[in-house]
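K.L.:
Sequence and predicted model, in that order:
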Amino acid sequence: MPETFTADRRRVTGRAAALPTLTRAVLLALTALLVLVGLSAGPNALTARAEGTASTFVVTASLGLDGTLKVREDITFSGTPPAEVKQTFELKKQLLGDRRYVYDIGGFQATNGGQPFAPDVQTTEDRFAAVTFPTNGQNQVTLEYSVVGAVIATPEGTALEWPLLQGFESTVTDFSATVAIPVPFSFIECNAGSPNSEVPCQFAAAGTDDAQQPTFRDGPRGPGEFVQVHIGFPAGALAANEQIEEVWTLARAFSAKPLPLALALGLLILGAAALVALHRRAGVDAGTGSEVTRAAEFVPVGAGQSEFRVLGDVRPGHVGTVADERVDPIDITATLIDLAVHGHLRITELPREGDFAATDWSLARTDSSADDLHPFETVLLDGVVGPEQVKVSELSSRVYESVGSVQDKLYDEVVANGWFERRPDAIRNRWTQTAIGALIGAVVLTALLAAFTTFGLVGLALIALALGLMFVAQEMPARTKNGAALLAGLGALRSDLMSHPTDQMPPGRELSEISELLPYAVVLGGHQRWLDAMVASDDDADEDRYDLGWYHGPAGWHLRDLPASLKNFITTVSGQLFSR
């Protein structure tokens with residue numbers, strides 16, 4: 001009787017001693033029944049565990065001069081054989097880096113009962129071949145196949161590397177293999193266990209009385225375990241037939257090896273130099289910058305007194321466009337203020353509808369002559385303000401086309417005045433489109449390089465250069481010699497607006513003089529200090545809602561409210577004009 005059943009019976013018997021006689025009798029009967037079941041089931045259970053176990057797994061292999069390895073597996077099962085045999089072969093083996101060996105395995109032929117037939121072969125994931133064939137109740141079966149690609153190059157010569165036992169789904173009690181080789185060997189090795197195991201086999205020998213050919217023995221081995229053999233050959237004895245494929249990975253596609261890295265860095269350096277040269281040739285202002293054309297200045301009119309005087313016909317809209325090569329919202333807003341200062345428009349701050357309501361303004365045309373207006377100013381008055389009074393809160397619904405026309409007129413005027421050879425927006429758009437095309441091309445090329453080569457870094461360098469071209473495109477509008485001279489003058493005017501004493505306006509004319517310069521200060525900077533000077537000129541406590549001819553406030557409004565009022569006006573108008 002098996003020991004396990006005897007031990008169980010003793011435990012049951014020990015517990016029964018403390019129970020009543022009837023209960024003890026029942027338990028004894030059950031115990032006897034269990035013993036009988038155990039006796040009858042025990043041999044069957046052991047046989048079931050042994051079912052499918054290969055008592056011997058004998059491999060006979062031969063290696064040809066061309067490196068083709070032919071393998072025959074003779075498998076003997078102990079006990080009842082399984083219904084079918086299944087063995088999985090590795091078609092690809094990963095190497096260090098982004099490479100792997102590729103094996104061509106074919107010629108599968110199975111035999112059982114003396115009858116050969118082709119087994120079922122299923123390839124999965126392009127990496128494994130699962131070979132299945134029925135045993136038909138036979139305890140002895142044979143599987144034959146051939147391998148191309150198992151002879152690899154080594155620093156010393158070549159070597160046969162192949163797992164003669166792999167992917168077998170049954171337990172192997174005893175494994176043995178011999179390999180017939182066509183040339184002398186230099187070393188033999190054998191490892192068993194997992195695919196990357198370094199545990200040596202039980203026996204590996206060659207060139208002895210017991211093993212003239214390389215012979216290997218091992219076991220037992222569990223399902224799926226490997227027995228991998230290595231047979232080395234001296235240089236020139238046997239040609240390698242290894243097949244290595246490159247595996248796509250990000251690290252490989254964007255390799256930082258010396259060649260692709262050097263190409264990418266060289267391309268970046270040369271491309272950056274080309275961008276700098278391109279900008280210096282096409283995007284730098286003409287002239288040496290030694291000439292200065294002043295747009296306005298402070299002119300002394302008495303001891304400690306000066307007035308602001310515009311030189312020529314440079315309007316605030318011109319100033320902003322020449323300064324940054326763009327027609328910005330602030331340029332148009334400053335033009336509205338300038339038109340109001342010169343009597344073509346009146347800005348009226350409206351009373352708030354509630355304590356928490358937003359401030360609003362009305363813009364109303366005056367009867368002043370429009371003969372001295374520039375085209376962009378006329379378009380601004382006609383399109384934005386119109387013939388009737390309009391509220392600032394209503395501007396966004398009526399200026400969609402007008403603002404674009406104002407910008408067009410301003411760009412045309414800076415060209416007509418000789419400050420630019422071509423419209424800055426057209427030049428910027430042309431170069432930007434070129435940069436976008438270059439960026440798209442660089443992205444496509446990078447995708448191709450990454451997909452099919454290891455030079456993805458070169459593509460990234462091209463993308464970086466295309467992005468650099470997009471940046472340079474914004475700087476490509478170049479001023480003419482006259483434009484460069486005016487820009488230098490605007491720099492001097494800005495310095496004056498930021499530093500000139502604000503208390504030197506002629507007495508009694510402070511409001512009018514500061515109002516004259518205010519639109520230029522809005523564009524170039526420094527308008528806050530001049531607004532503070534207007535507040536300082538107020539020497540009474542009366543409300544000042546009508547003290548400025550161009551800006552009227554609501555009831556109770558004082559000049560001290562002008563800085564906040566004008567700041568809100570500039571912010572609100574700029575947002576309304578460009579909320580398209």
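P.N.:
Yep, it's here. If you're wondering where the values come from, they're calculated on a predicted model, not measured in any experiment.

K.L.:
in the strand or helix carrying residue 280, what's buried?
P.N.:
Following DSSP states H and E, one finds residue 280 within helix 258-282. By neighbour count with 16 or more other Cβ atoms under 10 Å, helix 258-282 contains the buried residues 260, 264, 267-268, 271, 275, 279. Backbone N, C-alpha and C define where each C-beta goes, glycine included.

K.L.:
helix or strand right after it?
P.N.:
Towards the C-terminus, the helix or strand next in line after helix 258-282, according to DSSP H and E, is strand 296-302.

K.L.:
For residue 327, which non-adjacent residue is closest in space?
P.N.:
residue 407 (4.3 Å; Cβ to Cβ, 6 or more residues apart in numbering).

K.L.:
And the host helix or strand of that neighbour, what does it pack against?
P.N.:
Taking DSSP H and E as the criterion, residue 407 maps to helix 400-416. Helix 400-416 makes packing contacts with helix 316-324, helix 329-341, helix 375-380, helix 424-452 when contacts are defined by 3 or more Cβ pairs under 8 Å, 6 or more residues apart in numbering; DSSP states H and E.

K.L.:
Show the average pLDDT along the shortest one.
P.N.:
The predicted model gives helix 375-380 an average pLDDT of 92.

K.L.:
before we move on, the earlier item: what would the buried residues of helix 258-282 look like in a markdown table with distance to residue 478 and pLDDT?
P.N.:
Formatted as a markdown table, the entries for the buried residues of helix 258-282 read as follows, by distance: Cβ to Cβ, whole Å; pLDDT from 0 to 100:
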| residue | distance to residue 478 | pLDDT |
| --- | --- | --- |
| 260 | 37 | 94 |
| 264 | 31 | 96 |
| 267 | 27 | 96 |
| 268 | 26 | 96 |
| 271 | 21 | 96 |
| 275 | 15 | 95 |
| 279 | 9 | 92 |
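
K.L.:
relative orientation of the helix holding residue 407 and helix 424-452 in degrees?
P.N.:
An angle of 100 degrees separates the directions of helix 400-416 and helix 424-452 when computed by axes from the mean of the first three to the mean of the last three Cα atoms, to 10 degrees.

K.L.:
sorry, back to before: mind giving me a markdown table with the helices and strands packed on helix 400-416 and columns for mean neighbour count and distance to residue 358?
P.N.:
As requested, the helices and strands packed on helix 400-416 are arranged in a markdown table below (neighbours: other Cβ atoms under 10 Å; distance: least, Cβ to Cβ, whole Å):
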| stretch | mean neighbour count | distance to residue 358 |
| --- | --- | --- |
| helix 316-324 | 24 | 26 |
| helix 329-341 | 24 | 17 |
| helix 375-380 | 21 | 23 |
| helix 424-452 | 16 | 32 |
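
K.L.:
Tell me which of those lies nearest to residue 243.
P.N.:
Proximity to residue 243 (Cβ to Cβ) singles out helix 424-452 among the helices and strands packed on helix 400-416, at 19.2 Å.

K.L.:
Specify the angle between that closest one and helix 258-282 in degrees.
P.N.:
Interaxial angle of helix 424-452 relative to helix 258-282 (the same axes, to 10 degrees): 170 degrees.

K.L.:
Please name every helix or strand in contact with helix 424-452.
P.N.:
helix 250-253, helix 400-416, helix 456-473.

K.L.:
Which segments of this structure make up each domain?
P.N.:
3-50, 54-246, 248-282+423-477, 296-421+502-577 (automatic domain parsing).

K.L.:
With residue 495 as the reference, name the closest of those domains.
P.N.:
Across those, residue 495 has its closest neighbour in domain 296-421+502-577 (9.3 Å, Cβ to Cβ).

K.L.:
The closest one spans what distance, first to last residue?
P.N.:
27 Å (Cα to Cα, to the nearest Å).

K.L.:
thought residue 154 was touching residue 232?
P.N.:
Yes: distance between residue 154 and residue 232: 6.7 Å, which falls inside the contact criterion (Cβ atoms under 8 Å).

K.L.:
hang on, the earlier thing: which one of the domains of the chain lies closest to residue 484?
P.N.:
Relative to residue 484, the nearest member of those by Cβ to Cβ is domain 296-421+502-577, separated by 8.7 Å.

K.L.:
about what we covered before: ok, the residue nearest to residue 327 - how many residues close by?
P.N.:
The local packing of residue 407 (other Cβ atoms under 10 Å) involves 21 other residues.

K.L.:
Can you verify my assumption that it contacts residue 329?
P.N.:
No: counting by Cβ under 8 Å, residue 329 is not a contact partner of residue 407; they are 10.4 Å apart.

K.L.:
still on that earlier bit, please say which of residue 154 and residue 232 ends up with more neighbours.
P.N.:
Looking at residue 154 and residue 232 with other Cβ under 10 Å, you find the greater number of neighbours at residue 232, namely 18 against 15.

K.L.:
in a strand, that's where residue 307 is, yeah?
P.N.:
Yes: using DSSP: H, G, I helix; E, B strand; the rest coil, the assignment for residue 307 is a strand.

K.L.:
contacting residues for the closest residue to residue 486 other than its chain neighbours?
P.N.:
If you skip the residues right next to it in sequence, residue 486 has residue 293 as its closest partner in space, 4.7 Å away by Cβ to Cβ, 6+ apart. Residues counted as contacts of residue 293 (Cβ atoms under 8 Å, 6 or more residues apart in numbering) are 312, 482, 485-486, 488-489.

K.L.:
Give me the subset of those residues lying in helices.
P.N.:
Secondary structure defined by DSSP state H assigns 482, 485-486, 488-489 of these to helices.

K.L.:
Which of the helices and strands in this structure ranks last by mean pLDDT?
P.N.:
Lowest mean confidence among the helices and strands of the chain (mean pLDDT, DSSP states H and E): helix 3-16, at a mean of 30.

K.L.:
in which helix or strand would I find residue 175?
P.N.:
Secondary-structure element containing residue 175, defined by DSSP H and E: strand 172-180.

K.L.:
Tell me which residues are up against that strand.
P.N.:
53-63, 78, 160, 164-165, 211, 213-221, 225, 227, 229, 231.

K.L.:
Which of the residues you listed fall in strands?
P.N.:
Assignment to strands by DSSP state E places the following of the contacts of strand 172-180 there: 54-63, 160, 164-165, 215-218, 227, 229, 231.

K.L.:
Please, where are all the helices along the stretch 1-150 of the chain?
P.N.:
Under the criterion DSSP state H, counting those that start in this stretch, helices of the stretch 1-150 of the chain are mapped to 3-16, 21-50.

K.L.:
for the stretch 451-580 of the chain, that is, sorry about that
P.N.:
Using DSSP H, counting those that start in this stretch, the helices of the stretch 451-580 of the chain run over residues 456-473, 481-499, 510-524, 527-536, 562-577.

K.L.:
picking up where we left off before, and the residue nearest to residue 486, what's its pLDDT?
P.N.:
For residue 293, the pLDDT comes out at 93.
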